[in-house]
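Asks: starting from these lines, generate the structure:
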Amino acid sequence: MRITDEQLMAYADGELDAAAVVEVEVAIAADPALAEAVARHRALRRQLRDAFAPALDEPVPEHLLARVRAPAAPAAAVVPLRPRRRWALPEWAGLAAALALGVALSQAFLQPGEADLRTVAGGALRADGALAQALDHQLAADNRADARIAIGLSFRDGSGAYCRSFVLRQARPLAGLACRGDDGWHVPVTSEAAAENGELRPAAAALPPAVLLAVETRLAGDTLDADAERRARDAGWR
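Replies: Numbering: from 1, shown residues only. Below you'll find the model as predicted:
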């Protein structure tokens, strides 16, 4: 039976049940390439933990904890019912317009991650706004626990272009990989990121398999250490 990349990642992360572990280990014993793939994946996990370590070691900011600890709002007072009257067509039209406006405003203001990515020709994604700024200037060592954007690994792909992994900390954390082109940061893959149990920030060392697989397939050589990352940033990722 062929072992998939997803199965290898789950094995390396200790997420398979006993029967699946035996199946993967039998395949690894027969194919040294599978053992090398597991070793690469575990090395990437360690590098991700190191990249996000400054943010993970910081205490959760007090203003975020205050939101969680805040008591629930009191129930609204009961208002006596009034006789119901029929609404005329203009009133229904006004209600529909108000609902449409509310949906538009909620999409604009309650989903901050939407402004970080935009679709270009052919349906491809490109980093925009705060995400593009972070990819241009933020170092992994700059990650903070209360920052909305965290940067992970930086490396060169097979064509020599720089790529960087990232996490957008929002209501539904989003992880992705961005690679530098002449016209900005292209984002070939994004995936919803897991959230830490009881924490207010996504798990840095638990990027989704789709993003990790994209990193592994594009990685040429080693990931950048802190000094190499700073030099690449100062050179404009060229």
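Asks: for this protein, give me the ranges with low pLDDT.
Replies: 1, 48-114, 194-206 (pLDDT under 70).
Asks: quick one, helices of it?
Replies: 5-12, 18-30, 32-57, 62-69, 89-109, 129-137, 209-218, 226-234 (DSSP state H).
Asks: in PDB, list the C-alpha atoms belonging to the last one.
Replies: Taking C-alpha atoms only, helix 226-234 is exported to PDB below (Å, rounded to 0.1, in the frame of the first residue of the first chain):
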ATOM      1  CA  ALA A 226      18.200  34.700  11.900                       C
ATOM      2  CA  ASP A 227      21.300  36.400  10.300                       C
ATOM      3  CA  ALA A 228      20.500  35.200   6.800                       C
ATOM      4  CA  GLU A 229      16.900  36.200   7.200                       C
ATOM      5  CA  ARG A 230      17.900  39.700   8.300                       C
ATOM      6  CA  ARG A 231      20.300  40.100   5.300                       C
ATOM      7  CA  ALA A 232      17.600  38.900   2.900                       C
ATOM      8  CA  ARG A 233      15.100  41.400   4.400                       C
ATOM      9  CA  ASP A 234      17.600  44.300   4.200                       C
END
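Asks: got the contact list for it?
Replies: Residues from elsewhere that reach helix 226-234, judged by CB atoms under 8 Å, 6 or more residues apart in numbering: 136-137, 139-141, 154, 162, 224. Backbone N, C-alpha and C define where each C-beta goes, glycine included.
Asks: go again using 10 Å as the cut-off
Replies: 50-51, 135-141, 151, 153-156, 162, 164, 180, 222-224, 238 (CB atoms under 10 Å, 6 or more residues apart in numbering).
Asks: from these, which would you call buried?
Replies: 50-51, 135, 138-140, 151, 153-156, 162, 164, 180, 223-224 (16 or more other CB atoms under 10 Å).
Asks: of those residues, closest to residue 11?
Replies: Proximity to residue 11 was ranked across the buried ones among the contacts of helix 226-234 by CB to CB; first place goes to residue 153, at 21.0 Å.
Asks: what's the neighbour count on residue 234?
Replies: 9 (other CB atoms under 10 Å).
Asks: tell me how far it lies from residue 137.
Replies: From residue 234 across to residue 137, the span is 10 Å (CB to CB, to the nearest Å).
Asks: and residue 122, by the same measure?
Replies: Residue 122 is 28 Å from residue 137, by CB to CB.
Asks: same thing with residue 20?
Replies: Distance from residue 20 to residue 137, by CB to CB: 42 Å.
Asks: so what's residue 175 closest to, chain neighbours aside?
Replies: Leaving out its chain neighbours, the residue that sits closest to residue 175 by CB to CB, 6 or more residues apart in numbering is residue 193, at 4.0 Å.
Asks: isn't the one you found up against residue 208?
Replies: Yes. The pair residue 193 / residue 208 is scored as a contact, 5.9 Å apart, by CB atoms under 10 Å.
Asks: who has more neighbours out of the two?
Replies: Neighbours were counted for residue 193 and for residue 208 using other CB under 10 Å; residue 193 has more, 24 against 19.
Asks: show the contacting residues for the nearest residue to residue 221 once chain neighbours are set aside.
Replies: Distances taken as CB to CB, 6+ apart put residue 156 closest to residue 221, at 6.5 Å, once the chain neighbours are dropped. Residue 156 sits next to 162-163, 179-180, 218-224, 228, 232 when contact means CB under 10 Å, 6+ apart.
Asks: distance to residue 13 for these - can I get that in TSV?
Replies: Listed next are those as TSV, based on distance: CB to CB, whole Å:
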residue	distance to residue 13
162	27
163	22
179	25
180	29
218	20
219	18
220	24
221	24
222	21
223	18
224	23
228	27
232	29
